[in-house]
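> Just the structure for this:
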Amino acid sequence: MAIRLLIGDDDPLIREALEIVFGRDEGFTVVASVADGLEAVRACRSLSVDVALLDIRMPGKNGIEAAAEIAAGGACRVLLLSTFNEAEFVRGALASGASGYLLKGCSSDEIKEAVRLVHQGHTVFQDDVFEAVRRASSNAPGDLSALSERERSLVRLIADGYTNREAADSLGLSEGTVKNYVSAILDKLGLRQRTQIAIYCMTGRRDFT
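As a prediction, the model looks like this:
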């Protein structure tokens, strides 16, 4: 079944380009294309929408405000698309309940794949986007008290962008042992994906749908 998509962007050229990209793929159906965040919220409430692809800066309601209202409904996931990767915007996106944040320099194939992943329940944030938050983060607001000291060390490495191999080298462990630790951390924190560990560490958020 095709993914039912809403496109929200105040630039008509970008909206038209996205409509063409998704309209040519049988895996998607564009059910609405709107110019501001308020329209996006209304459309998501009145139509059957699987994923809302929203620009950050829109009139009426900006993308982050619209994402918070749409995500609160629980039926539609939100993927934010922006030219900005400043920490302020990324933190707002993370706090809003959005399932992803991409920069507009992405290729059409990358955007489509991100929409598919978000629709499947995954969380998608580009490395450049996470880096903006890492540079501005000095403390981890997530409550890590349920974790062991070794697990807390691993969580902070994940939030700093370490791969499992890099974390294993840093902690003097095998990569297989790190993978086992990651599984235990996900279970203890009630999360499903490695990416969500980093988001939780940086923001305290774990209300992923």
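
> all strands of the protein, in order?
3-8, 28-34, 51-55, 77-82, 100-103, 124-125 (DSSP state E).

> List just the one of these that sits closest to residue 159.
Closest to residue 159 of the strands of the chain, according to C-beta to C-beta: strand 124-125, at 12.0 Å. Where you see a C-beta, it was placed from the backbone N, CA and C, and this is true even at glycine.

> Break down this structure into its helices, ranges please.
12-23, 37-46, 63-73, 87-96, 108-119, 127-136, 149-159, 164-171, 175-189, 194-203 (DSSP state H).

> which one is the residue nearest in space to the middle of the chain nearest to, not counting chain neighbours?
For the chain, the residue nearest the mean C-alpha position is residue 100 (1.9 Å; C-alpha atoms, centre = their mean). Counting by C-beta to C-beta, 6 or more residues apart in numbering, residue 100 lies nearest to residue 124, which is 3.6 Å off, once chain neighbours are set aside.

> re the thing from before, columns mean pLDDT and distance to residue 180 on top of the strands of the chain, output as a markdown table?
Listed next are those as a markdown table, based on pLDDT from 0 to 100; distance: least, C-beta to C-beta, whole Å:
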| stretch | mean pLDDT | distance to residue 180 |
| --- | --- | --- |
| strand 3-8 | 96 | 34 |
| strand 28-34 | 96 | 38 |
| strand 51-55 | 95 | 33 |
| strand 77-82 | 91 | 30 |
| strand 100-103 | 87 | 27 |
| strand 124-125 | 82 | 25 |
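
> any idea which of these is most buried?
strand 51-55 (a mean of 27; mean count of other C-beta atoms under 10 Å).

> sorry, back to before: gap between the residue nearest to residue 100 and residue 168?
25 Å (C-beta to C-beta, to the nearest Å).

> The protein - how does it break down into domains?
3-133, 139-203 (automatic domain parsing).

> worst average pLDDT in the ones you listed?
Per-stretch mean pLDDT for the domains of the chain is lowest at domain 139-203 (a mean of 85).

> before we move on, the earlier item: which strand residues bridge the residue nearest to the centre of the chain?
Under DSSP bridges, the beta-bridge partners of residue 100 are residue 79, residue 124.

> Enumerate every residue touching it.
78-80, 114, 117-118, 123-125 (C-beta atoms under 8 Å, 6 or more residues apart in numbering).

> Throw these into JSON lines and include distance to residue 194, thanks.
Below are these laid out as JSON lines (distance: C-beta to C-beta, whole Å):
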{"residue": "78", "distance to residue 194": "21"}
{"residue": "79", "distance to residue 194": "19"}
{"residue": "80", "distance to residue 194": "20"}
{"residue": "114", "distance to residue 194": "16"}
{"residue": "117", "distance to residue 194": "13"}
{"residue": "118", "distance to residue 194": "16"}
{"residue": "123", "distance to residue 194": "9"}
{"residue": "124", "distance to residue 194": "12"}
{"residue": "125", "distance to residue 194": "12"}
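
> Between all of these, which two are separated the most?
Between any two of those (C-beta to C-beta), the greatest distance is 13.9 Å, for 80 and 117.

> how close does the closest residue to residue 162 other than its chain neighbours sit to residue 161?
Leaving out its chain neighbours, the residue that sits closest to residue 162 by C-beta to C-beta, 6+ apart is residue 170, at 6.6 Å. Using C-beta to C-beta, residue 170 is found at 12 Å from residue 161.
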